[in-house]
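Peer 1: only the shape, not the letters, is given here:
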């Protein structure tokens with residue numbers, strides 16, 4: 001970290017206990033997306049069963065052309081984040 005100092009007014013850190021989704025780079029929090037020219041980040045602790053991987057949620061990316069924000073990984077947290085952004089958009 002010392003080799004890559006960053007200047008910021010706000011920083012988010014998250015330690016993930018992998019209860020949903022594999023331990024993999026695409027499931028690392030915080031998740032980041034751009035909307036309205038602003039970078040948004042999201043991190044979440046805990047399980048959200050209605051957003052578990054393998055469930056069909058058309059409003060978070062399964063319907064072509066209707067949703068901009070689609071989960072890359074398989075966590076319930078990223079599914080919620082994409083759903084929130086699609087609802088706001």
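Peer 2: Okay, I see it. Bear in mind the structure is a predicted one, so any value in this text is a computation, not a measurement.
Peer 1: tell me where the protein has strands.
Peer 2: 31-35, 38-42 (DSSP state E).
Peer 1: export those to a markdown table and tack on distance to residue 74 and mean pLDDT?
Peer 2: Placement of C-beta: from N, CA and C, glycine included. Rendered in a markdown table, the data for the strands of the chain read as follows (distance: least, CB to CB, whole Å; pLDDT from 0 to 100):
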| stretch | distance to residue 74 | mean pLDDT |
| --- | --- | --- |
| strand 31-35 | 12 | 92 |
| strand 38-42 | 15 | 90 |
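Peer 1: select, out of these, the one closest to residue 25.
Peer 2: strand 31-35 (12.0 Å; CB to CB).
Peer 1: nearest residue to residue 42 other than its sequence neighbours?
Peer 2: Leaving aside its sequence neighbours, residue 42 sits nearest to residue 81 (CB to CB, 6 or more residues apart in numbering; 3.9 Å).
Peer 1: next one: residue 84
Peer 2: residue 42 (7.7 Å).
Peer 1: doesn't residue 77 make contact with the one you found?
Peer 2: Yes. Residue 42 is within contact range of residue 77, at 6.9 Å (criterion: CB atoms under 8 Å).
Peer 1: the two: who's more crowded?
Peer 2: residue 77 (25 against 18; other CB atoms under 10 Å).
Peer 1: grab the nearest non-local neighbour of the more buried one.
Peer 2: Nearest to residue 77 is residue 44, by CB to CB, 6+ apart, at 3.9 Å.
Peer 1: residues contacting that neighbour?
Peer 2: 29, 76-77, 80-81 (CB atoms under 8 Å, 6 or more residues apart in numbering).
Peer 1: coming back round to it: turn the strands of the chain into a markdown table, columns for distance to residue 21.
Peer 2: Listed next are those as a markdown table, based on distance: least, CB to CB, whole Å:
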| stretch | distance to residue 21 |
| --- | --- |
| strand 31-35 | 12 |
| strand 38-42 | 14 |
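Peer 1: so of the ones you listed, which one's packed in deepest?
Peer 2: strand 31-35 (a mean of 16; mean count of other CB atoms under 10 Å).
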